[in-house]
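Novice: Sharing a model prediction with you, sequence too.
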Amino acid sequence: MPRILHTADWQIGKPYRWIENSQKQARLQQERVDAVLRIADVASQEQVDVVLVAGDLFDSSTVAAAMVMEVLEAVGSIPSPVVVIPGNHDRRGLARSLPLRTPGLHIYDQPVPDGSVTGECADLSKGEAAWFTSDILPLFETYCTLCHGTGLPEGEGQGTRRGAPRGLDYDVYELAITRNATTWARMADRTMPPMGRMPSTEELETLLEFLNCATAVQASGDDDDSAL
């Protein structure tokens, strides 16, 4: 039977903003990196077959590069494969490059479909407002409109835009299709949504089809205003 060392919530780079002393903040951040070295010791002593990180290897997408490299070096000292399942804090955009830097590190996430927003579309109806309302808006409401909603006030707390740029909103058809290539780029590199559950491969395929068809509709001038 395989021996698995189950860990979670490393949250490397946690800022500890509620601690005013910057030296204490730095010591606590370093302690999280040092904990990875202790995990390496346990993995060696117990001769485990795999170390599992069940979410949140990193705390956010703003971890300093030096700390990222330090923790990757620590991960590299673990004698068994390290399997990471991304959590709601993890660095989604960076996750794909981490295994290239650290042999033995494996990131398991929903694959992102290949493609880009080119305007190629076999069925223009899948880029129109009616399709948006029935099939796409529920996706945006799940993943985007908590921050990108027309009725949200500016701010950083719950129920606000949390820094989302004004005008880039996904609860209104005309606004949702203003930056199709940007929307797809941020979804494809897993930087959006920045927290919470990520879209599945199938959901991303549906979204890419909509963005392509919406682009085609805009180019053709045949958008169906009657469906609004």
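Specialist: Sure, I can see it.
Novice: can we go C-alpha only for contacts and neighbour counts from here?
Specialist: OK.
Novice: Quick one: residues contacting the closest residue to residue 81 other than its chain neighbours.
Specialist: Nearest non-adjacent residue to residue 81, counting by Cα to Cα, 6 or more residues apart in numbering: residue 104, 4.7 Å away. Counting by Cα atoms under 8 Å, 6 or more residues apart in numbering, residue 104 touches 76, 80, 81, 82.
Novice: Next: residue 74.
Specialist: Contacts of residue 74 (Cα under 8 Å, 6+ apart): 33, 36, 37, 40.
Novice: average pLDDT for the helix or strand containing residue 66?
Specialist: Assigned by DSSP states H and E, residue 66 belongs to helix 65-76. Across helix 65-76, pLDDT averages out at 87.
Novice: residues making contact with the helix or strand following it?
Specialist: Using DSSP H and E, the helix or strand that follows helix 65-76 in sequence is strand 82-85. Applying Cα under 8 Å, 6+ apart, the external contacts of strand 82-85 come out as 50-57, 75, 104-109.
Novice: Partner strands of strand 82-85 and their direction?
Specialist: In the sheet, strand 82-85 lines up against strand 50-54 (parallel), strand 105-107 (parallel) (DSSP bridges).
Novice: Let me have these in TSV, adding mean pLDDT as columns.
Specialist: Output for the strands paired with strand 82-85, formatted as TSV (pLDDT from 0 to 100):
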stretch	mean pLDDT
strand 50-54	92
strand 105-107	80
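Novice: wait, which of those strands is closest to residue 220?
Specialist: With Cα to Cα, the closest approach to residue 220 among the strands paired with strand 82-85 belongs to strand 105-107: 41.2 Å.
Novice: Please state the offset of the closest one from the chain centre?
Specialist: 16 Å (Cα atoms, centre = their mean, to the nearest Å).
Novice: Tell me the helix or strand right after it.
Specialist: Counting by DSSP H and E, what follows strand 105-107 is helix 129-131.
Novice: Show me where this structure has its helices.
Specialist: 22-46, 65-76, 92-95, 98-101, 129-131, 137-143, 173-176, 180-188, 201-220 (DSSP state H).
Novice: Quick check: buried residues in the last one?
Specialist: Which is helix 201-220. 204-205, 207-218 (16 or more other Cα atoms under 10 Å).
Novice: which one of the residues you listed sits closest to residue 120?
Specialist: Of all these, residue 212 has the smallest distance to residue 120: 5.8 Å, by Cα to Cα.
Novice: Roughly how far does the closest one sit from residue 19?
Specialist: 47 Å (Cα to Cα, to the nearest Å).
Novice: residue ranges with poor pLDDT in the chain?
Specialist: Within the chain, the set of residues satisfying pLDDT under 70 comprises 61, 88-101, 110, 190-191, 194-197, 222-228.
Novice: mind giving me the domain ranges of it?
Specialist: 4-107, 124-227 (automatic domain parsing).
Novice: Go ahead and measure how far the last one is from the middle of the chain.
Specialist: Offset of domain 124-227 from its chain centre (Cα atoms, centre = their mean): 15 Å.
Novice: what's the neighbour count on residue 122?
Specialist: Neighbourhood size, residue 122 [other Cα atoms under 10 Å]: 11.
Novice: What values do phi and psi take at it?
Specialist: Main-chain dihedrals, residue 122, degrees, to the nearest 10: phi -90, psi -20.
Novice: Adjust the sequence numbering to begin at 25 for everything that follows.
Specialist: Renumbered: residue one is now 25, and that last one reads residue 146.
Novice: what about the domains of the chain, which gets the closest to residue 137?
Specialist: Of all the domains of the chain, domain 148-251 sits nearest to residue 137, with 6.4 Å by Cα to Cα.
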